[in-house]
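J.: Just a sequence and a predicted model for now, questions to come.
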Amino acid sequence: MSWLSRLNPRAPGSRSGRSAAPSSPCTADPETCLMVFENHWRQVSWVLEQQEPSSSSDDLTAVRNHTDQMLCLLAEERPAESPEGAPGVAPMGPILELVVTQNILAGLVQWHLRRGLDPDSQGALLKLFEMLIGQSQQPLLQHTAILHPLLRLLGACADPELGCPLALENSLVLLLNQICVSMARQPVVLEMLFRAAPAQQGSTNLLIFSLLVPFIHRDGAIGQQARDALLLVMAASASHEAVARYIAENSYFCPVLATGLSALYSSLPRKIEVRGDDWHALRREDWMGVSSLVLFMNSLEFCNAVVQVAHPLVRSQLLDYLHNGFLVPVMGPALHKSSVDEMIASTAYLDLFLRSVSETSLLKTFLRFFLLHRHDNDTILDTLLTRISSNSRLCMVSLSLFRTLLSLNCEDIMLQLVLRYLLPCTHVMLSQRRAIREADLYGKSADKFLSLIPECCRLNAGSSADEDGAFWGKVLNSPTTESPAPPRPSTPSRLSFFIRQQSSGGGSGGGAPSTPTSMEPLQSGPSSSHPLSPESPMHQQQANTECLDWDSDYLEYLKDARRGIEICSWACRDWSAPYDGENPSPNTAPPPPPPPTSNPSMAMFPEHFSFQQGGSSNTPPGQQRAPIVAAARAEWSSSERDSGEWDVTIGKNNCISLTPRSKKRSLQREELLPKPIPHLVPSSSSSAAPLSTSHPASSPAPHNPTSAITVSYQAMYNGVTGQGDGCSDNRDRGLEVKKVKRDLGEQQYLDENANQNGSLVTCSSQSCTTLPQSIFSNSEMGDRPNQISSQSSITQPTSDTKLLTSDTSNPPSASSDLPEANQTQQSVESLIQELLEQAPGEAPLPGDSNGQGISIEAFTQELRELEDRVKERSRAACQQEETARESLSSERQEEEQQQLSSALEVKLTGDTKEDGPAVGLCSPARPLNQPAYQPYTGPFMVVLFAKLENMLQNSLYVNILLTGIVAQLACYPQPLLRSFLLNTNMVFQPSIKSLIQVLGSVKNRIEAFAASHEDFPAMLKKAQQYLVARGKLDWADSPAAVPTLRRSDSLVKSRKPSLGDLILRHTNSPTRARHAAQLALAHVRDGSQSLHSALFRGGGGASGLEKQAEALRVKNAVYCAVIFCEFLKELAALAQEHAVTLPFPHSPEAEE
Amino acid sequence: CKHSWNTCSSHQQSALSLPDQRASPARLPFGKKQLPPIPKNAAPITKPASTGTPAQSANGTHASYGPFYLEYSLLAEFTLVIKQKLPGIYVQPSYKSALMWFGVIFIRHGLYQDGVFKFTVYIPDNYPDGECPKLVFDIPVFHPLVDPVSGELDVRRAFNKWRRNHNHIWQVLMYARTVFYKINTTEPLNPEAAVLYEKDVQLFKSKVVDSVKLCNSHLFDQPKIDDPYAISFSPWNPAVHEEAKERMFTYKRRPEDHHKGTQVSGLSWVKPGSTQPFSKDDSPPQS
């Protein structure tokens, strides 16, 4: 709407200085004015009446002077008094009446045209008319005596021979703009224009329109005026079918608009120069100074506005053109460019566009393109998903894009990203499907998340716990005292010091950072409602807090979680289905796309290159794009080119990786110490595959870019699939193997094959544990109707006391089936035994109709607890071992978990047997009709979890973005998604990695890291101080300096976490990030060394490079520890809040 | 019955540190929301969990989160009550303790028709691992399962052992409603009522009618327990109640921080019943 409101015609006086009109004598009374006018007119008409148009410049000068005077008088004339106070049509003033009756203007224009319109006169006429229309005190254009001469003049401007000289364009557009403004005031004018036009010159019958269109994409004021004017025409035509049809069918408006975007897009910078290593998205202040981007954004905004106001005919035509004339031919290829710089730029642009578009139907066009359009067989979505796993800024930019997508709360997006993979419910054990809808009533899941906070990170747990207790107790003990408990100095939550756009937003940031429905300036609004706004007491109170008070900010997380969930469920209230595991029905849900390889032999392939997926492995290499490989190559080449963008890391194991250089210019030669870098351990679960054999071919060939890629992909892979779920990532595998074929030398390829063999073993051994589960889950299928959800019959006792006791033999037998019985396993068994012995006592008692469910869930819970204990034990046992061993043992833990799950399943099956008629159906002897595909939660989840598992190595900024996205996902109220992420009691299929598993492994890594660094506590403290200070700085910086904005997203962006400034123009100026970091460091420096200097000190003896690499590694790990703990609190809070959130009803005015 | 009840309605505000409004006002047949004179931004209140918070982890490392668990468990229970939309039952946690809920039940047909019974639910402080909650009627209703002296309903027979995850407070409330529609006389707390019901239904009925009358005659009494959130009734006063009723019926819950201008309407182009994106689409761009 701001477009329209902005277009309010200027007050007449505002332009007086600019107008060519001489100062007028018309302060006098109307009659005097009329006399003066008539006098002028007499003199002019004397010239006009001469038969041969004189070429005398005297005549011209005279006519001009008199005309100036006359039109000025006309403009200043007020309408005559209404006779009987009749409102509405005020009668014309005497001058106007004279002008109309004598057709004065027609004569004037005719005279000019006859004598040949020189640019000078043309310009003068344009200005005169513009002044007249703009300043007139009475409506003029509905008089044909005024409109027709005007159209003749404009027709002359449209005349191909005469045309409109460059110098006059400004005047022309201004005049057109004025016409449109008065047309917007008097809709009848549009009608007249439309009808009058054919009579006048010109083949197109909406002259004004065709004159304006060429200026749509112009720079500067002239373009803006043209767009404003056109928008007014659009708005006026919205209710005028004929005009709309004309625009759609006879004008080039839509194609010009759409293809113009294409042209403007192509002139955007291909590379976004950024120094700040936290930069990941274009903020308004980033692009305001980049003229090509400003131009593009203006036009895009114009499209948005047109879509908003135009007639449906025009709108749908414009959308078609945008899709087929801009998105598909231009954005599509741009997003698939092979150089990393271009990928980064195009992704950032797409993100910016998505955040800027506010009109639903335009957004839909973008999203349809994003989700459904296939470029070389892949949807844009698929392609961009793969880039999350990249190891560069590309990852951050991609994450940022997905954050934007998530913030739209769009069902179609969520369906494609996640939900369609969860719909069939194959990721959970069948018996668990009912639990999908259960909420975390007693904080069990929250507790579980919090329990993952590593011991080594509970620095000030002791003191703060006391304080907390005191605080709580105080309130508790004096519940009715009127004085509220003194607020504790609160520390900012992670959310505040990393103010993430999407979640901190509540309003301004989060939900829709960028999708203001209205385009009015919002700078005033959201900031006040921003929950974490700097004015809020929370932030003032922490002025003196230098360190994180670990436990006190939990309340903050709860508040934030509530806000996030409420906004999200509000936004999702009109979705087509609840996605609760029953609706849409898992049975009718179409099977989601499988992990891209359906070829079973390919599925067995090991993947050391699972960098990206997309495309079937069966595709001949020639047809296969390998954008990421190309990207990585480009990264490499760019590192060669302007050495300094990317750093080569050579590890002890001949691993080479590319790492973006930090702003500190630290070159990281990553030292691959075995212990703290578990991710470099081969992912194969067989202990027989030692590190070296896993990479026989990644020889010390630092100049071979591909092997560099190889290694970093390897790192990814460990993240992506981890142990045990080797099948979930087949897609990657197939593709990458193929890529290897193409990209690597023959030798390398063979070596890879060798690896594949090794991993075949892995998979088959894994199938031992997988198989029984599949059997059960499958056989229970027939059983499903039996799982009644008995909610109401509390008074109806059912006896199920025997359920637990009857099948005690099953679980042990299940576990004893396993090939090896090592110590850990025995302990599992004994624990199970213990448990089962206790079981009868725990059995449900009569009076409980939910018997079956109860026993299952109770048992699950107890098993979970057992698992935890087992994990604790084995973790303790393994902690001192080397990395390889550790990873192996963690694999064992997983196997154990699987065994436990199997045991559980066995038990459940037993239960059902006892229960009755379904018994026959669940015979374990029907193992064969397993689903054809492995449960798979989709590439998005897989890649996010992979990245998450790799947290220790991620940069601080990647982790902030990453955890933000996961938290954002966890806000969604749909039980399928909520249970997958937050229900830590759910039992998933063995091939499905759960969030809690991923976090558990991160926890172990952090603890291993901490154990190997004796100064960890000190570093952790420094890191916290740094982040707190950074948060403060950001707060202090951000809010005020928002320039005149039209969109709310700029406000949001001004609050974004990034300290780094994008500097497109001045690439050499110091970034805000560096500046901020320095300030922050100065702030936290407390006599001892700052974090960074401490971190960068390095050990003696090592070379400078090694030292720096090690320092970076340490830095990432320490920051990771901080973020990790906060993330856990955030997840716990989300789990708790979900249990107390009420759904919103459908909005009654649900559209369509 | 023409009366309204004055309370900070359970539908409007929870005592459990929830300053927001979470409820479906449509459930209220009538009523009036009248906030008690309590300070704004009252701190979350609950009874101290003297026996230790149940959800606390074994090693106690994050003990400080414990209070949140009890608080949230009860809040979650309350949320479940609201979701259940139990007919004729309204509850409101007390201001002083989240472990005490005030309630009222309206009986709309059957032997106890027109009965309006106020009650209080007491939740054990080691919830959810403790005993089953107690439900005590303000005035002992004449009923086989209601103690004629204390007014306590025999809830335990339905929840022999309170099991977390499977027993919920809404079930207790539901049970309290059920007993008035389906009379059970086994092992009665009020043997007289039980015997009469078995032997002389007519007399039983007339005693019930008397009891209902008695209860209703005390409807406008001050609440038994002095608590800002206690449920109290007052005669219908259009000047006071009409407007409040109007507001309740027109009230639409929105997210707390929902401010205009932000697009939170949520986007969906999925046709109901389909799982295909953009299946609702009528005019796809022709490619």
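T.: Perfect, I can see it now. Residues are numbered from 1 along each chain as shown, chains lettered A, B, ... in the order given.

J.: Please list all residues in contact with residue B:191.
T.: Shown in contact with residue B:191 (Cβ atoms under 8 Å, 6 or more residues apart in numbering or on different chains): residue B:144. Every residue, glycine included, has its C-beta placed from N, CA and C.

J.: Where is the longest helix in chain A?
T.: Longest among the helix segments of chain A by residue count, using DSSP state H, is helix A:1104-1139.

J.: mean confidence for that helix?
T.: Average pLDDT, helix A:1104-1139: 92.

J.: buried sites along it?
T.: A:1105-1139 (16 or more other Cβ atoms under 10 Å in any protein chain shown).

J.: swap in stretch A:161-179?
T.: A:164, A:168-179.

J.: now stretch A:368-383
T.: A:368-373, A:375, A:378-383.

J.: Touching, residue A:177 and residue A:226? I think so.
T.: Yes: taking Cβ atoms under 8 Å as the definition, residue A:177 is a contact partner of residue A:226 at 7.2 Å.

J.: Need the CA coordinates for stretch B:102-121. CSV is fine.
T.: Output of stretch B:102-121 as CSV, limited to C-alpha atoms (Å, rounded to 0.1, in the frame of the first residue of the first chain):
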residue,chain,number,x,y,z
PHE,B,102,-10.8,-25.1,41.4
GLY,B,103,-13.6,-26.4,39.3
VAL,B,104,-17.3,-26.5,38.7
ILE,B,105,-19.4,-29.1,37.0
PHE,B,106,-22.8,-28.6,35.5
ILE,B,107,-25.0,-31.6,35.2
ARG,B,108,-27.4,-31.2,32.4
HIS,B,109,-29.6,-34.3,32.6
GLY,B,110,-30.2,-37.4,34.5
LEU,B,111,-30.8,-37.8,38.2
TYR,B,112,-28.6,-34.9,39.1
GLN,B,113,-30.0,-32.6,36.4
ASP,B,114,-29.5,-28.9,37.1
GLY,B,115,-26.8,-29.6,39.7
VAL,B,116,-24.0,-27.2,39.8
PHE,B,117,-21.3,-28.6,42.0
LYS,B,118,-18.2,-26.7,42.9
PHE,B,119,-15.1,-28.8,43.7
THR,B,120,-11.4,-28.6,44.3
VAL,B,121,-8.8,-30.9,42.8
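
J.: how about the nearest residue to residue A:439, chain neighbours excluded?
T.: residue A:1139 (3.9 Å; Cβ to Cβ, 6 or more residues apart in numbering or on different chains).

J.: Under the pLDDT cut-off, which ranges of the chain? List them.
T.: In the absence of a named chain, chain A is used. Residue ranges of chain A with pLDDT under 70: A:1-28, A:51-55, A:82-90, A:162, A:196-205, A:275, A:459-552, A:596-933, A:1031-1102, A:1148-1152.

J.: my bad, chain B
T.: Residues of chain B that meet the cut-off, pLDDT under 70, sit at B:1-67, B:256-265, B:281-287.

J.: coming back round to it: output the buried residues of stretch A:368-383 as JSON lines; include the columns secondary structure and distance to chain B.
T.: Below are the buried residues of stretch A:368-383 laid out as JSON lines (DSSP: H, G, I helix; E, B strand; the rest coil; distance: Cβ to the nearest Cβ, whole Å):
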{"residue": "A:368", "secondary structure": "helix", "distance to chain B": "6"}
{"residue": "A:369", "secondary structure": "helix", "distance to chain B": "9"}
{"residue": "A:370", "secondary structure": "helix", "distance to chain B": "10"}
{"residue": "A:371", "secondary structure": "helix", "distance to chain B": "5"}
{"residue": "A:372", "secondary structure": "helix", "distance to chain B": "7"}
{"residue": "A:373", "secondary structure": "coil", "distance to chain B": "8"}
{"residue": "A:375", "secondary structure": "strand", "distance to chain B": "12"}
{"residue": "A:378", "secondary structure": "strand", "distance to chain B": "16"}
{"residue": "A:379", "secondary structure": "strand", "distance to chain B": "10"}
{"residue": "A:380", "secondary structure": "helix", "distance to chain B": "13"}
{"residue": "A:381", "secondary structure": "helix", "distance to chain B": "10"}
{"residue": "A:382", "secondary structure": "helix", "distance to chain B": "14"}
{"residue": "A:383", "secondary structure": "helix", "distance to chain B": "17"}
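
J.: of the residues you listed, closest to residue B:151?
T.: Among the buried residues of stretch A:368-383, residue A:371 lies closest to residue B:151 (Cβ to Cβ), at 61.0 Å.

J.: quick one: contacts for that closest one?
T.: A:379, A:380, A:381, A:412, A:413, A:416, B:277, B:278 are the contacts of residue A:371 under Cβ under 8 Å, 6+ apart.

J.: The last one: how many residues sit nearby?
T.: Other residues near residue B:278 come to 19 when the count uses other Cβ atoms under 10 Å in any protein chain shown.

J.: Please report how far it lies from residue A:1107.
T.: 54 Å (Cβ to Cβ, to the nearest Å).

J.: contacting residues for the residue nearest in space to the middle of chain B?
T.: Centroid-nearest residue in chain B: residue B:91, 2.7 Å away (criterion: Cα atoms, centre = their mean). Residues in contact with residue B:91 (Cβ under 8 Å, 6+ apart) are B:10, B:78, B:81, B:101, B:102, B:103, B:121, B:173.
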